[in-house]
Every structure is written in C-alpha cells, then in structure tokens.
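[1] Sequence and computational prediction follow.
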Protein chains: 2
Amino acid sequence: MMSQVLSTQTEIAQEHRAWIRLLRAHAALTRELSGRLEAAHCLSLRDYDVLVQLHSAPDRRMRRIDLARTVILSPSGITRLLEGLERSGWVAKHHCASDARVTYAVLTEAGVAKFEEAHVTHLADVEELFGSRFSGDEHDRLAELLGRLPLLDAGACNA
Amino acid sequence: MMSQVLSTQTEIAQEHRAWIRLLRAHAALTRELSGRLEAAHCLSLRDYDVLVQLHSAPDRRMRRIDLARTVILSPSGITRLLEGLERSGWVAKHHCASDARVTYAVLTEAGVAKFEEAHVTHLADVEELFGSRFSGDEHDRLAELLGRLPLLDAGACNA
DNA sequence: TTGGTATAGTTGACTTCGCAAGCAATGATA
DNA sequence: TATCATTGCTTGCGAAGTCAACTATACCAA
C-alpha cells in the first residue's frame, strides 16, 4: 500500500518534470532579465518584447490587437503597456483609414533607436543566461520542442 | 548594406527563437492552466505549485523561505500567497522550536485532500496541453535541456 | 557581555495585468 | 433599410507580486 502510493507519486513527478522546469526557468530568467533591462534601459521584458515585434513588422507597425496576441497579452494589457511606451515617445498611435475601429502602434524614430540600443545588451544577457547553455543543435531542438506547444488563441503569432 | 542589416536581423531572430518560444508557451499555458484550476478548484497555478511542494516535502512542511525559493517567489510573495491558503484552511503555521525566526508552512489534512482532489484534474490538463505533445523520450530530453537553465539564487529547489 | 552582521518574516506603497463591462464601428442577414 | 452579432479598443476594479523598510532572532567575534 505504501509502495503503491510512492510509485504513484513518482510517476506524477515524472510526468510533470519538464513542465515544472519550464515554470521555474521562466520565473528565474524573466526576473533576472527584466531586472537587467530595467536597470540598463528602463524597459520591462514585455516592453522590450513589444519593441522587437514592432521593429521586425512591415512598416514597423502593427494593429494593437495583433500585437496583444503576439506577445500573449490581453487587449487591456496592451493598452496599458503601450501607454507607457507612448508616453516615452518610443511608440505612436496611427489611425487606420479603411477601418475606424483599428489603431496601429507604430515604432517612432526614437523607438527604433531605443530598441537598437537595448537590443545589444539584452542579446548578450539572453546569450549568457540562456543561449550559452546549449549547442547550436540543442538550441534548434529545444526551439522545435517548445514550438509544438499550443499558443491557444494566438492567431497572429509569428515567433 | 541592406543585406547586411537583414542578415543581422535574421541571426538575431535565430538566437532568440527558443527563448521567445519559451516566453510565449509559458504565457499561454499558464493562463489556460490557471484559468482551469481556478474554475474547477479555486486555486491559482502558484497555489497549486505550493501545495505540490508541501505535499511531497518531509512531514508535509517547509520553512517559508525555502518554499519561496523553490517556487521562485519573493519572501513577501510567499507571505501573501500563504495568507490565502491559510485562510482557506489548507495550510497552517508551525513555529520552530530550535529557531524562533523560522515558521513552517504545514499542509493540513484538509490541504492534503484539497491537493489530491485538484491534482487529478490538473494532471489531466497538463497532459492535454503539454505532455501529449511529446513522446516519452522527447519529454525527458526537454526536461534535461530545461534543467540546464540557471535558477539563480534558488538554493532549495528540488524540482 | 556587547556590538555588528546575517537571516526569517511581515507590512505598506506601488506596478502590472486580467476580467467584466461598455462604446463605437463594421459586417452579415433578413 | 433595419437589426443583430462581431471586432477593436478602453476603463474600473481587483488580484497578485515586487521592492524597500522594519522587527525580531541568531550567530560571531572582540
């Protein structure tokens, strides 16, 4: 009976292992990376993520709703995050001519500069804490495995 | 010049790919899993995580500080999270005889029952959204890769 | 003993983010 | 044309979590 319980628990731990590690790694890495980004550039990790997306988007702009889905944030979340970036002048609003409901978030010139400045140090940080742990093949393998996970309603995700 | 820029950007995207996917997968999965857990058992994902740790700990108790480090939460974060679990009666405080500074968080009988009840459905959810994406070998491989990532100050992590 | 430092834990102020609700514009259908 | 559902976006509110500051205890060393 006792060994029954133990073996069940062991199985449980095994099933969860990768998921638990993903949770822990995410918590530890985002805290450290966000801290460094904040200290060096006054940006949160999510701010940076938004700048990355806009920087690589056609015309450096995206509909706010698509941006929200891409970085996995609620619509209200994107409104508030962009509020900060707009106040700092990195991002501007741009109205859509063909559909009065939609607003674009556009990276400004200052935003491009800000991104490129933050990019350098952040890339080094990601390399130090994440990339350097893996060989090229392992990195690809990890990306492939993680890529199988469902992003749910994220129709516009292009990462 | 233009192709220079483009090739640099492509490299950048490649370097980031696994990390970005980890970010996205985490955001999407935690939102969904936390929502289900909340709906079915009135527990957040972190609440559940704490119950798991306590359930598998010797005597079903841990020092609050070790618990915080294990689930990657700040000391104040653990205080507030446990506040809720204590109010619900699933966790109790227990003072340490040999060191008056430390307080243990102990899983109560009700807490054990609560955990075991939530465990069943949560395990199925994790399996559906996470585990079912991988074969046994792939799961092990993913766990191994994620296990290389630094947990920073998490001295007490046993996952 | 006394003084200094480190550790465990809590609290207050603040930020971030999600949900529910609401508004305005669009599109589809009768 | 009139109606109704859908979509994009914002706002009020509340939950969760961090940091800084604080208390209390423990340990160490002169």
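    Great, that's in hand. Numbering: from 1, shown residues only, chains lettered A, B, ... in the order given.
[2] Strands of chain A, start to end?
    Along chain A, counting by DSSP state E, strands occupy A:61-63, A:91-95, A:103-107.
[3] partners of the first one in the sheet?
    Yep, that's strand A:61-63 we're talking about. Strand A:61-63 pairs in its sheet with strand A:103-107 (antiparallel), by DSSP bridges.
[4] quick revisit: relative to DNA strand D, which of the strands of chain A is closest?
    Evaluated over the strands of chain A, closeness to DNA strand D peaks at strand A:103-107, with 3.7 Å, by Cβ to the nearest atom of the strand. Bear in mind the C-beta positions are built from the backbone N, C-alpha and C, glycine included.
[5] and the closest one, average pLDDT?
    Mean pLDDT, strand A:103-107: 97.
[6] what does it contact?
    Applying Cβ atoms under 8 Å, 6 or more residues apart in numbering or on different chains, the external contacts of strand A:103-107 come out as A:50-51, A:54-55, A:59-64, A:67, A:82, A:85, A:90-96, A:115.
[7] Would you write a ChimeraX line that selects the buried entries of those residues?
    Remark: buried members of those, expressed as a ChimeraX selection using 16 or more other Cβ atoms under 10 Å in any protein chain shown:
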select /A:50,51,54,55,60,62,63,64,67,82,85,90,91,92,115
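[8] Number of residues surrounding residue A:147?
    15 (other Cβ atoms under 10 Å in any protein chain shown).
[9] what's near enough to touch it?
    Residues in contact with residue A:147 (Cβ under 8 Å, 6+ apart) are residue B:21.
[10] Which pLDDT does the model give it?
    Here the pLDDT value assigned to residue A:147 is 92.
[11] how near is it to residue B:68?
    In this view, residue A:147 and residue B:68 are 32 Å apart by Cβ to Cβ, to the nearest Å.
[12] where does chain A have low pLDDT?
    Residue ranges of chain A with pLDDT under 70: A:1-15, A:152-159.
[13] thinking again about what came up before, TSV for the strands of chain A, including distance to residue B:102?
    Shown next, in TSV, are those (distance: least, Cβ to Cβ, whole Å):
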stretch	distance to residue B:102
strand A:61-63	50
strand A:91-95	47
strand A:103-107	49
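[14] Save those strands as TSV, and put in distance to DNA strand D too.
    Listed next are those as TSV, based on distance: least, Cβ to the nearest atom of the strand, whole Å:
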stretch	distance to DNA strand D
strand A:61-63	5
strand A:91-95	7
strand A:103-107	4
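[15] who touches the residue of chain A found nearest DNA strand C in this structure?
    Of all residues in chain A, residue A:77 sits closest to DNA strand C, at 2.6 Å by Cβ to the nearest atom of the strand. Counting by Cβ under 8 Å, 6+ apart, residue A:77 touches residue A:68.
[16] what does chain A have sitting close to DNA strand C?
    A:44, A:46, A:72-77, A:80-81, A:84, A:99-101 (Cβ under 7 Å from any atom of the strand).
[17] Out of the strands of chain A, which is closest to residue B:20?
    Nearest to residue B:20, of all these, is strand A:61-63, at 15.9 Å by Cβ to Cβ.
[18] and the closest one, how far out from the chain's middle?
    Here strand A:61-63 is found 16 Å from its chain centre; the criterion is Cα atoms, centre = their mean, to the nearest Å.
[19] go on, stretch A:71-82?
    12 Å.
[20] which parts of it are buried?
    Neighbour counts over stretch A:71-82 (16+ other Cβ under 10 Å) mark A:71-73, A:78, A:81-82 as buried.
[21] Please save the CA atoms from it in CSV.
    Coordinates of each C-alpha in stretch A:71-82 appear next as CSV, following Å, rounded to 0.1, in the frame of the first residue of the first chain:
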residue,chain,number,x,y,z
VAL,A,71,3.1,38.8,-27.1
ILE,A,72,0.3,36.9,-25.3
LEU,A,73,-1.3,39.9,-23.5
SER,A,74,-4.9,40.7,-23.0
PRO,A,75,-6.3,43.7,-25.0
SER,A,76,-6.4,45.8,-21.9
GLY,A,77,-2.9,44.7,-21.1
ILE,A,78,-1.6,46.0,-24.5
THR,A,79,-3.5,49.3,-24.0
ARG,A,80,-1.7,49.9,-20.7
LEU,A,81,1.7,48.7,-21.8
LEU,A,82,1.6,50.9,-24.9
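[22] what about it, near DNA strand D?
    Yes: with Cβ under 7 Å from any atom of the strand as the measure, stretch A:71-82 is seen reaching DNA strand D through A:75-76, A:78-80, A:82.
[23] Okay, and the beta partners of the spatially closest residue to residue A:61 that is not a sequence neighbour?
    Of all residues not flanking residue A:61 in the chain, residue A:106 sits nearest, at 4.0 Å (Cβ to Cβ, 6 or more residues apart in numbering or on different chains). Note on residue A:106: beta-bridge partners by DSSP bridges are residue A:61, residue A:92.
[24] Can you get me a residue count around residue A:106?
    Applying other Cβ under 10 Å, we find 16 residues neighbouring residue A:106.
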